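1. Any chance you can model this:
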Amino acid sequence: MALMGTLIGIAAVYAAISFIFTVLDINEGTGTFAIVVDPFELFGRTIGGPIHDAYWSLISIYTDQKLPTMALLAAGFGLVVAGCASKPTWNLKGKEDDPKEYLFTHRPKAFLWCLMMPWNILTAAWRLKKVPVILPILLIPFMLPFALMMDVILIVLFVIIWVVMTVRIRLAASEDSATYEKDTQYAVCPKCKRNFYQPNVKCKCGLVVSYPVPNRYGVKYHTCNNGHKMPSTNADGSRAKMQAVCPYCRGEMFTHEAKPIVISLVGSVGSGKTTMMISAVESLSALAKEKGIVSEIISDGISVNAQRRKANVPPTPAGELDSEYFFLRSRDLPEKEVIINDISGTEFHPDRDKILFEEYYRYNDGIIFTRDPLEVMALHHSQSPTKGSKNTPTAILESFYHMYTEINGYGPAVKSTVPFAVVLTKMDDSKVRSYVDAESSPAEFLSKYSHKMISDIAESAFKNVKYFKVASLGDNSNASEPFIWILSESDQGLRDRMFK
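-> Just a heads-up that it's a prediction; the model follows:
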């Protein structure tokens with residue numbers, strides 16, 4: 001806006017000086033335009049001379065008196081200046097699908113808009129009321145020279161500013177994109193689970209617009225159609241704090257321009273996934289504080305209130321649930337967003353008509369498969385028909401792997417590089433711990449109690465498999481261990497800063 005006002009101001013000053021000298025020449029008995037360039041000489045002297053003479057002959061048809069001629073020229077000059085100040089000139093608003101104001105040099109058909117600025121009084125008068133447009137139409141001959149003068153200055157300055165702004169946009173966009181690729185890479189919606197390069201954002205007035213980056217809407221900031229400014233770089237961290245909106249489901253979220261690290265929990269009903277997750281987040285937050293790292297928990301399912309109730313966590317409801325997520329940041333560490341997907345064990349029951357909604361399997365950074373040792377031993381000793389049913393731990397893992405390969409399009413011989421943690425839970429129970437500790441490793445425990453197939457499937461499907469035994473409650477809780485392993489495998493900077 002400031003550049004546009006300066007450009008119009010320079011052109012208006014030039015036209016005003018031309019008008020003054022024209023009036024002086026008329027007063028002396030001559031009719032000419034004498035400042036820098038006669039507008040009619042733009043067509044060349046051979047053509048411009050006759051046009052100049054024809055113009056003054058036309059003017060004489062209106063009046064051959066000095067004062068009326070000067071008054072009409074003054075009216076024409078005034079209408080030209082008014083045209084530059086009218087709404088069509090300053091209408092930079094974007095379309096409804098992205099309601100942001102354009103830079104005046106980069107709005108659609110910007111060059112034509114520039115040419116039309118001195119003539120916009122015609123459009124403005126027509127929009128205001130159709131009858132008043134007759135007046136500027138009648139005064140077109142007196143507007144013509146000043147409009148042409150202003151067009152010359154406007155076009156020259158417009159081209160210069162367009163070149164400068166284009167270079168600034170490209171340099172700023174390149175720098176901003178490089179920083180985003182390095183520190184963020186992509187964003188994830190905790191509601192629909194889709195990942196995308198950048199979200200939309202919501203302005204304080206409620207308008208939802210595209211992510212503000214240096215482009216045709218602005219270099220340092222964008223302006224919504226209601227006139228509110230939004231930062232288009234994250235140099236001072238302000239853009240990352242904006243309310244983000246998923247471009248697919250329109251759900252509200254926060255990204256903080258942090259790199260997402262996505263962890264998915266897999267396991268049967270009652271295997272301890274949710275309790276382990278809550279306890280792990282609590283431990284990670286405490287560890288972050290010790291290391292001088294700020295942890296900011298966003299979602300309710302892992303909040304401080306949830307941590308207080310972790311010993312009495314209700315069963316996870318079936319269906320698609322929002323992801324739980326929190327942020328880790330410090331002065332010497334680019335911000336990280338840890339996203340945890342915890343869904344009900346019922347979703348892993350084999351089902352021919354199953355609708356797959358686990359979009360996050362396409363981009364997750366680690367998978368934690370939980371097993372309840374009591375259930376493992378009970379199934380081993382049981383003579384119940386359920387021992388071979390579709391809800392056994394092996395069947396749950398096979399169902400998950402079918403889902404995982406189908407969503408990713410993997411063939412049977414493909415091994416995923418995603419870290420895969422096999423976790424025996426409920427080690428806070430001394431009796432359970434004694435049985436598990438009696439074996440040399442969690443893998444040996446599974447093998448002894450007829451669940452070696454779990455290890456076989458995991459190690460045939462994933463290149464990087466590690467076994468854990470976890471207590472989620474009590475003073476000896478170590479629920480964060482599989483999470484720390486995945487976070488360390490996924491992000492070297494986080495590993496060096498927080499886990500060493």
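
2. Show me where the stretch 401-500 of the chain has its helices.
-> With DSSP state H, counting those that start in this stretch as the criterion, the stretch 401-500 of the chain has helices at 430-437, 442-448, 452-461, 481-490, 492-498.

3. Determine the set of other helices and strands touching the second one.
-> In this structure, helix 442-448 makes packing contacts with helix 373-381, strand 420-424, helix 430-437, helix 452-461, strand 465-469, judged by 3 or more Cβ pairs under 8 Å, 6 or more residues apart in numbering; DSSP states H and E. (Glycine included, C-beta is placed from N, CA and C.)

4. The same query, at a cut-off of 10 Å, please.
-> strand 366-371, helix 373-381, strand 420-424, helix 430-437, helix 452-461, strand 465-469 (3 or more Cβ pairs under 10 Å, 6 or more residues apart in numbering; DSSP states H and E).

5. And the helices of the stretch 401-500 of the chain: which comes nearest residue 248?
-> helix 481-490 (24.3 Å; Cβ to Cβ).

6. where are the low-confidence patches of the stretch 401-500 of the chain?
-> Applying pLDDT under 70 to the stretch 401-500 of the chain flags no residue at all.

7. ah, wrong one, I meant the stretch 101-250 of the chain
-> 129-131.

8. quick one: the strands in it?
-> Ranges of strands within the stretch 101-250 of the chain are 187-188, 195-196, 200-202, 208-209, 221-223, 229-231, 243-245, based on DSSP state E, counting those that start in this stretch.

9. now what about the next helix or strand along the chain from the last one, what contacts it?
-> In this case it means strand 243-245. Per DSSP states H and E, the first helix or strand lying C-terminal to strand 243-245 is strand 252-253. For strand 252-253, the external contacting residues (Cβ atoms under 10 Å, 6 or more residues apart in numbering) are 187-191, 199, 202, 208, 243-246, 298-299, 322-323, 325.

10. Any of those residues buried? List them.
-> Among the contacts of strand 252-253, those that count as buried by neighbour count (16 or more other Cβ atoms under 10 Å) are 187-191, 199, 202, 208, 244-246, 298-299, 322-323, 325.

11. Of those residues, which is the nearest to residue 7?
-> So of those, ranked by how close each gets to residue 7 (Cβ to Cβ), first place is residue 208, at 31.5 Å.

12. From residue 451, how far off is the closest one?
-> 50 Å (Cβ to Cβ, to the nearest Å).

13. try residue 318
-> 25 Å.

14. With neighbour numbers in mind, choose between these two.
-> residue 451 (23 against 13; other Cβ atoms under 10 Å).

15. which ones are touching that one?
-> Taking Cβ under 10 Å, 6+ apart, one finds 371, 373, 375-377, 379-380, 392-394, 397, 443, 445 in contact with residue 451.

16. filter the residues you listed to the buried ones?
-> With neighbours counted using 16+ other Cβ under 10 Å, those contain these buried positions: 371, 373, 375-377, 379, 392-394, 397, 443, 445.

17. and which of those residues is nearest to residue 140?
-> residue 397 (81.5 Å).

18. ranking the helices of the stretch 401-500 of the chain by burial, who's on top?
-> Ranked by mean neighbour count, the helices of the stretch 401-500 of the chain are led by helix 481-490 with a mean of 21 (mean count of other Cβ atoms under 10 Å).

19. Now that one - C-alpha only, PDB.
-> Extracted C-alpha coordinates of helix 481-490, given in PDB (Å, rounded to 0.1, in the frame of the first residue of the first chain):
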ATOM      1  CA  GLU A 481      12.100 -46.200  27.100                       C
ATOM      2  CA  PRO A 482      10.500 -47.400  23.900                       C
ATOM      3  CA  PHE A 483       9.500 -43.800  23.100                       C
ATOM      4  CA  ILE A 484      13.000 -42.500  23.800                       C
ATOM      5  CA  TRP A 485      14.400 -45.200  21.500                       C
ATOM      6  CA  ILE A 486      12.100 -44.200  18.600                       C
ATOM      7  CA  LEU A 487      12.700 -40.500  19.100                       C
ATOM      8  CA  SER A 488      16.500 -41.100  19.200                       C
ATOM      9  CA  GLU A 489      16.300 -43.200  16.000                       C
ATOM     10  CA  SER A 490      14.200 -40.600  14.300                       C
END
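
20. which strands and helices sit next to that helix?
-> strand 259-267, helix 273-290, strand 333-342, strand 366-371, strand 420-424, strand 465-469, helix 492-498.

21. Any chance of the ones you listed in JSON lines with distance to residue 10 as columns?
-> Shown next, in JSON lines, are those (distance: least, Cβ to Cβ, whole Å):
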{"stretch": "strand 259-267", "distance to residue 10": "47"}
{"stretch": "helix 273-290", "distance to residue 10": "56"}
{"stretch": "strand 333-342", "distance to residue 10": "44"}
{"stretch": "strand 366-371", "distance to residue 10": "60"}
{"stretch": "strand 420-424", "distance to residue 10": "67"}
{"stretch": "strand 465-469", "distance to residue 10": "69"}
{"stretch": "helix 492-498", "distance to residue 10": "50"}
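
22. Would you work out how far apart the start and end of stretch 254-271 are?
-> 30 Å (Cα to Cα, to the nearest Å).

23. returning to that earlier point: nearest approach to residue 128 belongs to which of the strands of the stretch 101-250 of the chain?
-> Of all the strands of the stretch 101-250 of the chain, strand 221-223 comes closest under Cβ to Cβ, at 25.2 Å.

24. centre of the chain versus the closest one, how much separation?
-> 14 Å (Cα atoms, centre = their mean, to the nearest Å).

25. Contacts for it, please.
-> By Cβ under 10 Å, 6+ apart, strand 221-223 touches 1, 92-94, 98, 100-103, 201, 203, 209-217, 228-233, 238-239.

26. Stretch 490-500 now?
-> Against stretch 490-500 from outside (Cβ under 10 Å, 6+ apart): 183, 259-263, 284, 287-288, 290-293, 328, 330, 332-334, 336, 338, 364-366, 418-419, 480, 484-485, 487-489.
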